[in-house]
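Asks: no sequence on this one, just coordinates:
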C-alpha cells in the first residue's frame, strides 16, 4: 500500500505520469490512489520530488 | 453552459490555449477545461524560452519577459565556469502572465475557458471519443464534442481511456524542485547550469534569472537516480553549499518527461498535445515551444477534420505525421544524446570543462563540445554516431 503524506504533496502530478496502471487520481486539491488497482510497483515513490509518498502497511496484512 | 461543442480542450496550458485559439479563429466552437482555479498557476517551470520560438505562435507581450538572456554559463563539477555565446534570443518568462494572456487570446478568438473544471473521463462510443465528463463544483457534466484535445500535462490520464499508453518510465521522468531565490550571487544575463552529479544525477541544476536580484533555482534528477538523493533534499543541499545566504519566496515540485514522443498521439476523435504527448525536448527539458507548436498542429488537423467530417484515427494521423516531421524525429536524436550526456561522470565533465575553457569563447560551439566529449571517451563515438545518424 502506498501512503500519501498530504502535507508534503505539492500536487505536481509526477507520480501520476509514471503510474503504469492508472490508479492515481489528482484534482487541484488532492491526490488519491485506488488501492484495488495499485500493483505496488513503487514508481510513484521513486519519482516523487517531495518525499511525499512511501510504502505503508496494508490494512489486510 | 453549452453541452455540444466542435472541440473540447482538456488543459489550459500553452498547448491547450494555442490549440483553442487557432481552431476558434477558423470558426470552430471550442471549450477549454482547466482543473486549477486560475490559468497559469501554479507555475511549475524554469521559465526559460527562445523568443524566436514564441514569436512563431503569438505576438510577444514585453510584460511576459522578466529577463533577456545573452549567454549560457556552464559550471563544471570542479567549479570551473565555461561561458557559451548565446546567439538565440533567449528570455525568462513570467509564466503566470504568459499563460493567462494565451488564454485571453483564445477567448478573444471566440473560445470559452472554464477553470476549476476537473475532467474525470472521456465519453467513448464504440471506441470513438465523443466528449468528456467534467466535475465543476459538485456537479458532474457530460459534454459532447466532435474532437477532444488532451493537453493535460505531465499527469495526463484521459488519453489512457482511449487506449493510448501515456505512462513514462521513471528513468525518463526528471523529478524537479525549484525555488524562486533572492539574495544570491549569479549572472543576471545568463542561463546558468551546474553539472555536478552529486546534486543532479541524470539531470542538472539551473539558475534562471527572474530579475537582477532573483532567480529560479531548481534541479531535476532522473527517476532512476532518486535513491541516491531526493530532489527536495538535493536542492536544499545545493542552496546551502552554493548560495548560503539565499532566501526564497516560492518552492514548487514538478515532473519533466524527458522521453521520446508517445508512439501513439491520436485515437478516433482524440489528439494528444504538449507534455501529455511527451513532447518535451528530451535533452534540455524545455517544453513550452513544443507545447505551442503541437497545439497549432493539432488545431490545423482538427479544423480540417471537422470540415471534412472525418475524425477517424487515419485522418487525425496527419497531426502525428506533421509533428514527427517538425520535431518528433529530431527528439529521437536528442533523446539518444541525453542518454550519452547522462553517462558522463564528474571527471568527464571536469576534463570537458578544461578543454572548452581553452577554446576562445566565440569559438565554443556545441559541435566542439561533442568533439571534446568523443575525444575524452572514445567508447562514446559509437553512441554519438548513432545519435547523429538519427537526426
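Replies: Perfect, thanks for sending it. Just so we're clear, the structure is a prediction, and the values are computed from it rather than from any experiment.

Asks: next, the contact list for the residue nearest to the spatial centre of chain B, please.
Replies: Taking Cα atoms, centre = their mean as the criterion, residue B:287 is the residue nearest the geometric centre of chain B, at 1.8 Å. Listed by Cβ atoms under 8 Å, 6 or more residues apart in numbering or on different chains, the contact set of residue B:287 reads B:256, B:274, B:275, B:279, B:280, B:281. In this view, the C-beta of every residue, glycine as well, is placed from N, C-alpha and C.

Asks: quick one: it and chain A, what's the gap?
Replies: 13 Å (Cβ to the nearest Cβ, to the nearest Å).

Asks: and for residue B:286?
Replies: To chain A, residue B:286 is 17 Å away according to Cβ to the nearest Cβ.

Asks: what's the answer for residue B:270, then?
Replies: Using Cβ to the nearest Cβ, we find residue B:270 at a distance of 16 Å from chain A.

Asks: cool, and residue B:243?
Replies: Separation of residue B:243 from chain A (Cβ to the nearest Cβ): 19 Å.

Asks: so what's that residue closest to, chain neighbours aside?
Replies: Once flanking residues are discounted, residue B:243 sits nearest to residue B:184: 4.1 Å by Cβ to Cβ, 6 or more residues apart in numbering or on different chains.

Asks: next one: residue B:222
Replies: That would be residue B:202: by Cβ to Cβ, 6+ apart, it lies 3.0 Å from residue B:222.

Asks: over to residue B:279?
Replies: residue B:290 (4.1 Å).

Asks: what about that neighbour, which helix or strand?
Replies: helix B:288-308 (DSSP states H and E).

Asks: what's the first helix or strand after that helix?
Replies: In N-to-C order, the element after helix B:288-308 by DSSP H and E is helix B:313-323.

Asks: pLDDT value on residue B:357, please?
Replies: For residue B:357, the pLDDT comes out at 85.

Asks: helices along the stretch 101-250 of chain B, start to end?
Replies: B:231-242 (DSSP state H, counting those that start in this stretch).

Asks: need the contact partners of stretch A:43-57.
Replies: Contacts for stretch A:43-57 (Cβ under 8 Å, 6+ apart): A:1-6, A:8-10, A:12, A:14-20, A:24, A:33, A:40, A:42, B:169-170, B:173, B:175-177, B:223-224, B:226-227, B:230-233, B:253-255.

Asks: quick revisit: nearest to residue B:145 among the contacts of residue B:287?
Replies: Nearest to residue B:145 among the contacts of residue B:287 is residue B:274, at 18.5 Å by Cβ to Cβ.

Asks: check contacts around the closest one.
Replies: Contact analysis of residue B:274 by Cβ under 8 Å, 6+ apart lists B:11, B:13, B:14, B:15, B:16, B:151, B:153, B:287, B:290, B:291, B:294, B:295.

Asks: then residue B:101?
Replies: B:61, B:64.

Asks: who in chain B is up against chain A?
Replies: Within reach of chain A by Cβ under 8 Å from any Cβ of the partner chain, chain B has these residues: B:35-37, B:44, B:116, B:118, B:135, B:153-157, B:160, B:166-170, B:173, B:175-177, B:223-224, B:226-227, B:230-233, B:252-255, B:257.

Asks: ChimeraX command to pick out the buried ones of those?
Replies: Of these, the buried ones go into a single ChimeraX selection, burial set by 16 or more other Cβ atoms under 10 Å in any protein chain shown:
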select /B:35,36,44,118,135,153,154,155,156,157,160,166,167,168,170,173,175,176,177,223,224,226,230,231,232,252,253,254,255,257
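
Asks: can you pull the residues of chain A lying near chain B?
Replies: Counting by Cβ under 8 Å from any Cβ, chain A sits next to chain B at A:10, A:12-20, A:22, A:25-28, A:43, A:46-51.

Asks: just the ones of the residues you listed in strands?
Replies: A:25, A:26 (DSSP state E).

Asks: now the lowest-mean-pLDDT helix or strand in chain A: how far from the chain's centre is it?
Replies: For chain A, the helix or strand with the lowest mean confidence is strand A:24-26, at a mean of 93 (criterion: mean pLDDT, DSSP states H and E). Centre-to-centre, strand A:24-26 and its host chain are 8 Å apart (Cα atoms, centre = their mean, to the nearest Å).

Asks: which strands or helices does it pack on?
Replies: Packing contacts for strand A:24-26, counted by 3 or more Cβ pairs under 8 Å, 6 or more residues apart in numbering or on different chains; DSSP states H and E, involve helix A:14-18, strand A:31-33.

Asks: packed most tightly, which of the ones you listed would that be?
Replies: Among the helices and strands packed on strand A:24-26, helix A:14-18 has the highest mean neighbour count (mean count of other Cβ atoms under 10 Å in any protein chain shown), at a mean of 29.

Asks: what average pLDDT does that helix get?
Replies: If you average the pLDDT over helix A:14-18, you get 97.

Asks: before we move on, the earlier item: partners of the least confident helix or strand of chain A in the sheet?
Replies: strand A:31-33 (antiparallel) (DSSP bridges).

Asks: for residue B:176, give its distance to residue B:129.
Replies: Distance, residue B:176 to residue B:129, by Cβ to Cβ, to the nearest Å: 31 Å.

Asks: among the residues of chain B next to chain A, which ones are in strands?
Replies: Among these, the members falling in strands (DSSP E) are B:118, B:135, B:173, B:175, B:176, B:177, B:252, B:253, B:254, B:255, B:257.

Asks: pick out the most distant pair among those.
Replies: B:135 and B:177 (29.2 Å).

Asks: leaving out the residues flanking it, which one is nearest to the residue of the stretch 251-391 of chain B found nearest chain A?
Replies: For the stretch 251-391 of chain B and chain A, the shortest gap (Cβ to the nearest Cβ) falls at residue B:255, measuring 2.8 Å. In this structure, residue B:255 finds its nearest non-sequential neighbour in residue A:14, 2.8 Å apart by Cβ to Cβ, 6+ apart.

Asks: domain map for chain B?
Replies: Residue ranges for the domains of chain B, per automatic domain parsing: B:4-45+B:96-168+B:259-329, B:68-89+B:170-257, B:338-390.

Asks: can you check which of the ones you listed gets nearest to residue B:51?
Replies: Using Cβ to Cβ, the nearest of those to residue B:51 is domain B:68-89+B:170-257, at 4.3 Å.
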